[in-house]
Structures are given as C-alpha cells and as structure tokens.
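Q: My questions concern the predicted model and sequence given below.
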Amino acid sequence: MLQLQIIRENKEAILEALKKRNFDAKPLIESILDLDEKRRSIQTNLDATLAESNKLSKEIGMLFKSGKAAEANTLKTKTADLKETSKKMGDDLNATVEALQNQLYQIPNIPHPSVPAGNTDEDNEEIFKEGDIPTLVENALPHWELAKKYDIIDFELGSKITGAGFPVYKGKGAKLQRALISYFLDKNTEAGYAEVQPPLVVNEASGYGTGQLPDKEGQMYHIQVDDLYLIPTAEVPITNMHRGDLLNEKDFPITYTGYTPCFRREAGSYGAHVRGLNRLHQFDKVEIVRIEHPNNSYQALDNMVEHVKDILRDLKLPYRILRLCGGDLGFTSALTYDFEVFSTAQDRWLEISSVSNFETYQANRLKLRYKDENGKSQLAHTLNGSALALPRVLAGILENYQTADGIKIPKVLVPYCGFEEIN
RNA sequence: GGAGGAAUGGCAGAGUGGUCGAAUGCGGCAGUCUUGAAAACUGUUGAGGGUCACACCUCCGGGGGUUCGAAUCCCUCUUCCUCCGCCA
C-alpha cells in the first residue's frame, strides 16, 4: 500500500510511473485525494467538537466538586448535544477512512526506475545467462515421463487421494525432495539466514499484511470454519512475524529462511505448459526473507540474486535472470528478478525463483517501522525470494541430467541423497 | 472440555471513575567525567492524526456500552497464564 503522504506530494510522478504497469491510476488517485481531504475536514470538525466536550466535562467536574450542582446540570445538557454530533461525525469519519483504505489497497506498488515498460512476459529483460545447455541423448523425455519410467512421482495417485496438482513423490523421488530441501536450507543458513519453521496456515490480518488480501483471496485456500488461509508462500507467515514492530536501526538486517509447502488454487489452463511439475496446487519451497533499512534494500536485493546464482552454479543447471517488465511485475513489488532454468527436454525456460524488493509497500500495511537517527519512525523495506522452489528445480534436474540408463544426481546433492543415480 | 486469573509505552511493571498519555526500573539518545571506553552522575525519551509552527484530537489487547467524564465499571471477541480432565 502506498503512503498517502507520498501520493499527496508526488501525484504526477506516481501516475507516470504506474503507466509502466499499464495501470491508469488517475481516477483512483483523484478519488483518494478527495477522500483524504474529506477525511481531514471531518477530523478537524470532530476534534473541535471533542475538545469542547472535554472542556465542558472538566468544568462540570469542578462545579460538582464545589457544590454547584445546578450549574453543572445545565452544562450537562450541552454536552449531550455535543455527544450526538460527535457520534455522527465519528461514523462519517469511519466510513470515509474505510473507503479511503479500500481504494488505497487497489493501487499497486510503484515500479523501480530500472523496470522496463512492457505488457507480457515477452517484454521481460534478460540481464544474465550462465551454464551450459547439455546435449541430451536421443529421445530425451520430459520429466513427467521420466517420473513414470522410474516410478518416482505419481500424479494419478495424487489425483485419487486429493485431486489434480497434488503429486505423490515416491522412493528416490521423495528422497531427492528431502535432499533438495536440506541442501537449500544449509546453503541459506551458511549465508546467514536464520532458519524458521512457520505455521502453514495464517489469519486474515497476515494475508492483508503481505498483500494477498484483499482481492487475491481466490489464489489461497480458505478454511471458512476457522477463517484461516493456507499459505501460498512462506513469505506470508515469515514477513508477518514482524507485523507491527518498531525496530531500532541496529536490528537491521533481519534475515530468515524457511521451508514450507505452498498451496495455490490458481485454476489455470491445461496443456503442456502446466503438465507434470510445471504447475501444482501444492509444492515445496525454501524461501528467503529480509527486512532492511531503506538505504540498503537494493544492495540486499543484489545479494539475494548473487546467492541464488550461487545455488544454481552448485547444481550446474543452465539458467538466466530476467528483470520483470511493468506488465509482468507482481502487484506489491517494486522490482523483481526471475530466475529460469532451461529444460532441454521440454525446450523451454522454467521459472524457479523470483526475488523481489517491496520497498515500503508491505511495510506500510504491516506497520513495520524503525526509528531513524532522529528518533522518527520510518517504514522498513521488505524483500523476499525463493531459494528455491522445488518442483521445477526437480524437473530441471530430471530432464537435464538424464542419460540413456538413468538420471545422474548433481554432485552437490549426493551426500544429501545417499545415491548417485536414479535408475 | 471444566474452573479461575491476566492483557498498560521498545521491555518490565504501578495505576480501580476527573488533577493519568500514565509512577518507577531497564533500554535508547544527549551531556559531565575519561587519552578512549566502562562505571557513576545529569538531562531527555511512547505512537498516530493535525498545524508553517503551536493549539487541539485519538490511542492503556480488538469491538460495543454506561457516564457530563473511563486505563479504571458493564457486555462481547481474541490472546496468554494457572489448575483439573483428555490426548500425540
């Protein structure tokens, strides 16, 4: 959520910047500024009424004390009137504040200056590419066929138990999952991220805090009886650990890593692009989250990018990094880098990580602040990234590491797996 | 599941109807002392709205009520603690 004060002061610049998202914010912002003005005018009137009422109350108290009950009682009738008006104004104020809030929720984050203009993922800007694309055996198979051939992931079985998009990992497939999780967590903790295991279910306030609510509730599984949501990413519970905090400057940086399953309803389309592990309702992910001083957040973003690079180098997977264009940028993000692994067997790039700086957008909703050197409270910056999301990494490994007689395990994972090949 | 108790500023913790945005301690900040630091001492220090700046307003877990007036009384929700029961 953008800060009102910034909207007030930089209206034109914001409108211009949001054009990159192909988002015409003009009507919303006009309306927000109107509501803001209305709110302040109601507030001023209400404050004056309350001030008078407070003053009278004090006088009444004094009159009673000095035994002048009759005078006190005449004043009482005055305060009754004031009370009625202030109640009306209070209701009016609440309604205005709520309308204002709802509209503020509808404005996406301002893209960072480096974000390229564009409409779709075609317009994303490739900024880095590394790793050799392997030459595969003839008749190389996509991962969903490899999974069947070696009996390591069973999609039909998952459909039977739950539904499409909930695979069952079996045998060496299950072990490889566990190995990846351990390896990622080790890698992240070595880099200084503190490991946490958060709840997999969150309340409504947490959903609002990181921006999944309102509007995007369709993407989350909602447990109605208890009014709780299954997390779509560990970003939600981990970032919300600091909701409402007032930090000291020396608390920065705050860095976490956590493994969680993630749940996404995303009805989505059908066909090759969502086959197998390409898109699931439940998948595993190891996430990194940072809370940073505004001066340092882009440095931190770069660090996160370097860290993810390092993991992909370890795994020896060919990958590229994209700077997302305005049209593809997430609602709450100011700048996002996507990592994609090339799958030779599918002949396409698979998104395996997304690293973002949200600047103050989430912090404003979270009321996550720090005291600056002057003792003033300021909003912190929040960032997060996948390090990494499992399914497509797994797909990339299965597809790129396949040979005529089996699937080699990347060297770095062998100690975690306890085997060198799936055959 | 049953019975009690509690929720106050960054933290701990007083405060049971007006003089309370709130004692005290810790922490933070500034200063004195010191070559420097620590200790000690002195001062300062809640958040939000509003204003050029003041004034002023709101906030004592959330919501509602009683009252001229609520941190304080009532209702309700949430969370935590203690005891009993059940259970991995």
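A: In hand now; what should we look at? Numbers count the residues shown, from 1 in each chain, chains lettered A, B, ... in the order given.
Q: so how far is the helix or strand A:Trp144 falls within from its chain's centroid?
A: Using DSSP states H and E, A:Trp144 sits within helix A:143-149. Relative to its chain's centre, helix A:143-149 lies at 32 Å (Cα atoms, centre = their mean, to the nearest Å).
Q: for stretch A:394-412, same thing?
A: Put simply, stretch A:394-412 sits 31 Å off its chain's centre (Cα atoms, centre = their mean).
Q: what comes into contact with that stretch?
A: Residues from elsewhere that reach stretch A:394-412 (Cβ atoms under 8 Å, 6 or more residues apart in numbering): A:134, A:136-137, A:140-143, A:146-147, A:150, A:176-177, A:180, A:183, A:276-278, A:314-318, A:341-346, A:350, A:352, A:417, A:419-423. Where you see a C-beta, it was placed from the backbone N, CA and C, and this is true even at glycine.
Q: Which ones among those residues map onto strands?
A: Using DSSP state E, the subset of these located in strands is A:Val341, A:Phe342, A:Ser343, A:Leu350, A:Ile352, A:Glu421, A:Ile422.
Q: is it true that the second one touches A:Pro318?
A: When you say that, I think you mean A:Phe342. Yes - A:Phe342 is within contact range of A:Pro318, at 4.6 Å (criterion: Cβ atoms under 8 Å).
Q: anything in contact with each of the two?
A: What both A:Phe342 and A:Pro318 touch, as defined by Cβ under 8 Å, 6+ apart, is the set A:Gly131, A:Ile133, A:Asn400.
Q: Show the buried residues in those residues.
A: Buried residues within the shared contacts of A:Phe342 and A:Pro318, counting neighbours by 16 or more other Cβ atoms under 10 Å: A:Gly131, A:Asn400.
Q: Buried ones only from the ones in strands among the contacts of stretch A:394-412, please, as a PyMOL command.
A: Per 16+ other Cβ under 10 Å, the buried members of the ones in strands among the contacts of stretch A:394-412 correspond to this PyMOL selection:
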select buried, chain A and resi 341+342+343+350+352+422
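Q: out of the ones in strands among the contacts of stretch A:394-412, who's near RNA strand B?
A: Checking the ones in strands among the contacts of stretch A:394-412 against RNA strand B by Cβ under 7 Å from any atom of the strand, not one of them is in range.
Q: Specify which member of the ones in strands among the contacts of stretch A:394-412 is nearest to A:Arg243.
A: Using Cβ to Cβ, A:Ile352 comes nearest to A:Arg243 of those, at 28.5 Å.
Q: was I right about that closest one contacting A:Gly385?
A: No - in this structure, A:Ile352 is not within contact of A:Gly385 by Cβ under 8 Å, at 11.0 Å.
Q: List the residues that contact the closest residue to RNA strand B within the stretch 251-400 of chain A.
A: Going by Cβ to the nearest atom of the strand, RNA strand B is nearest to A:Ser377 of the stretch 251-400 of chain A, at 3.6 Å. Shown in contact with A:Ser377 (Cβ under 8 Å, 6+ apart): A:Leu246, A:Arg369, A:Tyr370, A:Lys371.
Q: Any idea how many residues pack against the last one?
A: Think A:Lys371. 14 (other Cβ atoms under 10 Å).
Q: looking at the contacts of A:Ser377, which has the most residues close by?
A: A:Tyr370 (23 neighbours).
Q: dump the residue contacts of the closest residue to it other than its chain neighbours.
A: With sequence-adjacent residues excluded and distances taken as Cβ to Cβ, 6 or more residues apart in numbering, A:Tyr370 is closest to A:Leu247, at 4.0 Å. Applying Cβ under 8 Å, 6+ apart, we find A:Leu247 in contact with A:Ile254, A:Ile291, A:Leu368, A:Arg369, A:Tyr370, A:Lys371, A:Ala380.
Q: ok so the second one is a helix residue?
A: Pointing back at A:Ile291 there. No - counting by DSSP: H, G, I helix; E, B strand; the rest coil, one finds A:Ile291 to be strand, located in no helix.
Q: Pretty sure it sits against A:Ala380.
A: Yes - assessed by Cβ under 8 Å, A:Ile291 is found in contact with A:Ala380 at 5.4 Å.
Q: got any residues that touch both of these two?
A: A:Leu247, A:Phe252, A:Leu368.
Q: in what helix or strand does whichever residue of the stretch 1-150 of chain A sits closest to RNA strand B lie?
A: Proximity of the stretch 1-150 of chain A to RNA strand B (Cβ to the nearest atom of the strand) peaks at A:Gly61, 3.0 Å away. Assigned by DSSP H and E, A:Gly61 falls within helix A:26-65.
Q: So which elements touch that helix?
A: Where contact means 3 or more Cβ pairs under 8 Å, 6 or more residues apart in numbering; DSSP states H and E, helix A:26-65 is packed against helix A:4-9, helix A:11-18, helix A:69-105.
Q: in it, what counts as buried?
A: For helix A:26-65, the neighbour count (16+ other Cβ under 10 Å) marks A:28-29, A:32, A:35-36, A:38-39, A:42, A:46, A:49, A:53, A:56, A:60, A:63 as buried.
Q: returning to what we had before: now the ones in strands among the contacts of stretch A:394-412 as a markdown table including pLDDT?
A: Output for these, formatted as a markdown table (pLDDT from 0 to 100):
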| residue | pLDDT |
| --- | --- |
| A:Val341 | 94 |
| A:Phe342 | 93 |
| A:Ser343 | 88 |
| A:Leu350 | 91 |
| A:Ile352 | 93 |
| A:Glu421 | 95 |
| A:Ile422 | 95 |
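Q: what's the burial count for A:Gly327?
A: Here the count is done by other Cβ under 10 Å, and A:Gly327 has 19 residues near it.
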